[in-house]
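[1] just the structure for this:
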Amino acid sequence: MIGIVDYGMGNLFSVSKALERLGAEYFISAQKSELLSADALILPGVGAFRDAMELLPVDTIKEFAASGKPLLGICLGMQLLFDESEENGPTKGLGLLPGKVRRFPGKTAECETYKVPHMGWNRLEFVKASPLLKNLEEDYVYFVHSYFVDAKDSDVLLAKATYHEEVSAVVSRNNIYGMQFHPEKSSKLGMALLNNFLQLADKKETVR
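    Next up, the predicted model:
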């Protein structure tokens, strides 16, 4: 049973429909007891980091993470897993993964400007083996974001993409997973990644 965290800022419909297509049982809830009972949690997110942290059931998320069961953050949900963000001034995150969320500068070192937010399809480049990437091939996924994770601890990086900056696209440590893009909107590869996460929930398999 997969729990989807409802804190008022998540893309709940698209994530739930993707789980339905994969045949997964799920529920959407803001209740601590229900969320802690899940075999795995998905933390979706659309919007601003500071607003999300004010609404998020922080203690519940941290307690679930400490249980060892798989936790997946998607888009803003992935960013919330990290130490802090510079969006709208420094704001502390959940601190489950090391690193800082920074804004795309919108200008290259050669002073060429580029569009922010980053919206579109970019190719994943796998960096490190993981059960989350098992039996998958590099392909394109769909991003919508103005901020990206600067993962100072490189051992969390599973896959990256490039949009003028190196973007930490898939991250993991132990039972904590994150995807900067929207897997539920990323065609074949996105659905395969979600399916691999479901397999982790079944097996309680983590990356050590």
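
[2] make it CA atoms for all contacts and neighbour counts henceforth
    Fine.

[3] could you pick out the longest helix of the protein?
    In terms of residue count, the longest helix belonging to the chain (DSSP state H) is helix 187-203.

[4] now that one: mean pLDDT?
    What helix 187-203 shows for mean pLDDT is 93.

[5] from the contact counts, what lies against that helix?
    strand 140-145 (3 or more C-alpha pairs under 8 Å, 6 or more residues apart in numbering; DSSP states H and E).

[6] and the contacts of the longest helix of the chain?
    Helix 187-203 is contacted by residues 18-19, 22, 24, 39-40, 69-70, 72, 131-134, 136-137, 139-141, 182-184, 206 when judged by C-alpha atoms under 8 Å, 6 or more residues apart in numbering.

[7] just confirm Leu81 contacts Gly95, I think it does.
    Yes. Shown here, Leu81 and Gly95 form a contact pair, counting by C-alpha atoms under 8 Å, at 5.9 Å.

[8] give me the more crowded residue out of those two.
    Leu81 (27 against 14; other C-alpha atoms under 10 Å).

[9] what ranges do the helices span in this structure?
    Going by DSSP H, the chain shows helices at 12-21, 32-37, 49-55, 58-66, 76-80, 187-203.

[10] give the buried residues for the longest one.
    This points to helix 187-203. 189-198, 200-201 (16 or more other C-alpha atoms under 10 Å).

[11] picking up where we left off before, relative to strand 140-145, how tilted is the longest helix of the chain?
    Orientation check (axes from the mean of the first three to the mean of the last three C-alpha atoms, to 10 degrees): helix 187-203 against strand 140-145 gives 90 degrees.

[12] note down every partner strand of the longest strand along the chain and its orientation.
    Using DSSP state E to define each element, the chain has its longest strand at strand 165-173. Sheet pairing of strand 165-173 (DSSP bridges) gives strand 157-163 (antiparallel), strand 176-179 (antiparallel).

[13] so for the longest one, what's the average pLDDT?
    Mean pLDDT, taken over the full extent of strand 157-163, equals 95.

[14] and for the shortest one?
    Per-residue pLDDT values across strand 176-179 average out to 98.

[15] which residues touch stretch 93-100?
    53, 58, 62, 65, 79-86, 149-153, 156, 172-173, 176.

[16] can you select the buried ones from the residues you listed in PyMOL?
    Under the burial definition 16+ other C-alpha under 10 Å, those of those that qualify are selected in PyMOL by:
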select buried, resi 53+65+79+80+81+82+83+84+85+149+150+151+156+172+173+176
